[in-house]
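Peer 1: take a look and give me a structure for this.
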Amino acid sequence: MSAAPHPEHGLEELCPAGTALYELALREGRISGAEAAAAPCLLRFGLLQPTVTDMDVLEPVAAAVALQQLLRTSAERVAEVRRHEARLAQAFEPLLRASAGLAETSGETPTLRVHSGTDRINQALTEVMEEARREILCIQPHTGLAGPRGEAAHDIAYHRDQRLLDRGGRIRTLYQHTVVHLPAVHAHNERLVGDVEGRCLDELTDRLIVMDRQVAFLPADDDGTLALEVRHPALVAYFVTTFERLWRLATPMYPRPVRRPTLGGVTPRQRAIARLLTEGHTDTVIAERLGMNVRTTREHIARLATTLGSESRAQLGYLIAASGILELEEAVR
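Peer 2: Model prediction:
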C-alpha cells in the first residue's frame, strides 16, 4: 500500500513530521534524502538544502537564518499589499464621486455607496450588521471610521456586537499597539460574551469592517465623516485577504495576551520606531504611522539613543543597524 500523500500546509503550520525531521537535522547536522522524503515540505520551504559534496545528503539551514529570510519576504509582501491598497483607493476616488448618485436611483443594491455623517454611518453599520450571521473582521487603528466616540456610541457598538455573538457569530479585531491599553478597548472586549479575538500590530491600514465576507465599510475621507460601503465581491475578497495576512503577523492580545519581550534593553515600541528611523522617516511621520503624538515619539527616540549609546541622529541609525535589534524583533514574532 502506498503512503498517504503529504498534506499541504503553510510554513506557520509546519507538520509534525517536518518539525521532527528538521529538529533531527539541526541536532545531527545532516540527514539522508530518504529520511527527508517523509517531509517534502522542508525542501519546499528552504529549511533543508543538499550538501555540496553529496546531493543525496541534506543539511539544515540554521533556524535563525531561515526565519529572518522568510520574515523579510513576508514583510515585503505586506508592504506591497499596502502600496496596492493606496493605489486602488487613489484610482477610485474620482470614480466614487462621479457615481455616488447613480446607484441610489437604479432600484438595486449598489456595489459601492457613500455614507455621510457620523449618525448615518453608524446607522448603516447597524443595519448591515443585523443581517450578519457568521463573522465580523475589523481593523481598528488609532482613528475611528465615524470620528471620536462618546459613551453613547460605545454602547451602540457593544449591543451591535453582542447581538451578532448571540446569533453564533464571531468577531476578530486588529488593533494598533498604541490603543491596546486604552480602558475603552478593554471595557468593550470584557463586556462581550462569545467568540471574540483581538490582536495588535505597530502599524495598520485605515479602519476596515467586513461582515460575513460580503459587505465592507472603510473611510472615504480623512476626518471620518464619510464612509464607503462596498459590496463588490472582488473588492471585499481583497479586503479579507489583507486582513488575514495582517492577522497572521499580529500579536495576540485578547482573550489570551502575549507580551512582546524587551530585547537588549529596547522595548517593542522603541523597536518599531527604530525600524522607521532606519527607513529615513521624520518624527512627525513616525508618530502618525504608530498612532502617537510627536512629543511621545521623541521621548522614545531619546531613550533609544541612550540605550544604544548614540550621540547624534546619524550615529543612532548606524547603531540600530549594528545592534541587531531589528533582526531580533523579526525572530520573536
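Peer 1: phi, psi for the closest residue to Arg134 other than its chain neighbours please.
Peer 2: Leaving aside its chain neighbours, Arg134 sits nearest to Asp212 (5.0 Å; criterion: CB to CB, 6 or more residues apart in numbering). Glycine gets a C-beta too; all of them are placed from N, C-alpha and C. The phi and psi values for Asp212, taken as degrees, to the nearest 10, are phi 50, psi 20.
Peer 1: tell me who's in contact with Asp212.
Peer 2: Contact analysis of Asp212 by CB atoms under 8 Å, 6 or more residues apart in numbering lists 131-135.
Peer 1: now for those: which two are most distant?
Peer 2: Spatially, the most separated pair among the contacts of Asp212 is Glu131 and Glu135, at 12.9 Å (CB to CB).
Peer 1: between the two, which one's more packed in?
Peer 2: Remark: of Glu131 and Glu135, Glu135 carries more neighbours, 16 against 10, as counted by other CB atoms under 10 Å.
Peer 1: check contacts around the more buried one.
Peer 2: 169-172, 211-213.
Peer 1: using PDB, write out every CA atom in stretch 123-134.
Peer 2: Only the C-alpha atoms of stretch 123-134 are listed here, as PDB (Å, rounded to 0.1, in the frame of the first residue of the first chain):
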ATOM      1  CA  GLN A 123     -27.000  53.500  11.200                       C
ATOM      2  CA  ALA A 124     -25.700  51.900   8.000                       C
ATOM      3  CA  LEU A 125     -23.300  49.700  10.100                       C
ATOM      4  CA  THR A 126     -26.100  48.600  12.400                       C
ATOM      5  CA  GLU A 127     -28.400  47.800   9.500                       C
ATOM      6  CA  VAL A 128     -25.900  45.600   7.700                       C
ATOM      7  CA  MET A 129     -24.600  44.000  10.900                       C
ATOM      8  CA  GLU A 130     -28.100  42.900  11.900                       C
ATOM      9  CA  GLU A 131     -28.100  40.800   8.800                       C
ATOM     10  CA  ALA A 132     -24.700  39.200   9.600                       C
ATOM     11  CA  ARG A 133     -24.600  35.700  10.900                       C
ATOM     12  CA  ARG A 134     -21.100  34.400  10.800                       C
END
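Peer 1: outside of that stretch itself, list whatever touches it.
Peer 2: 115, 136, 145, 156, 160, 163-164, 167-170, 209, 211-213, 215, 217, 227, 229.
Peer 1: now, of the residues you listed, which are buried?
Peer 2: 115, 136, 145, 160, 164, 169, 209, 211-213, 215, 217, 227, 229 (16 or more other CB atoms under 10 Å).
Peer 1: for this structure, where's the lowest mean pLDDT among helices and strands?
Peer 2: Of the helices and strands making up the chain, the lowest-confidence element is helix 325-331, at a mean of 59, by mean pLDDT, DSSP states H and E.
Peer 1: how is this structure carved up into domains?
Peer 2: 11-61, 68-254, 268-331 (automatic domain parsing).
Peer 1: could you dump the ones you listed into a markdown table and include distance to Pro5?
Peer 2: A markdown table is the format used below for the domains of the chain (distance: least, CB to CB, whole Å):
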| stretch | distance to Pro5 |
| --- | --- |
| domain 11-61 | 10 |
| domain 68-254 | 24 |
| domain 268-331 | 32 |
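Peer 1: out of the contacts of Asp212, who's nearest Thr282?
Peer 2: Closest approach between the contacts of Asp212 and Thr282, by CB to CB: Glu135, at 38.7 Å.
Peer 1: now that closest one: how far from Val65?
Peer 2: 37 Å (CB to CB, to the nearest Å).
Peer 1: and the gap between Thr251 and Arg269?
Peer 2: Counting by CB to CB - Thr251 and Arg269 are separated by 12 Å.
Peer 1: in the protein, which spans are strands?
Peer 2: Shown for the chain, the strands assigned by DSSP state E span residues 31-32, 48-50, 57-60, 112-116, 135-140, 170-176, 195-201, 208-211, 215-219, 226-230, 251-254.
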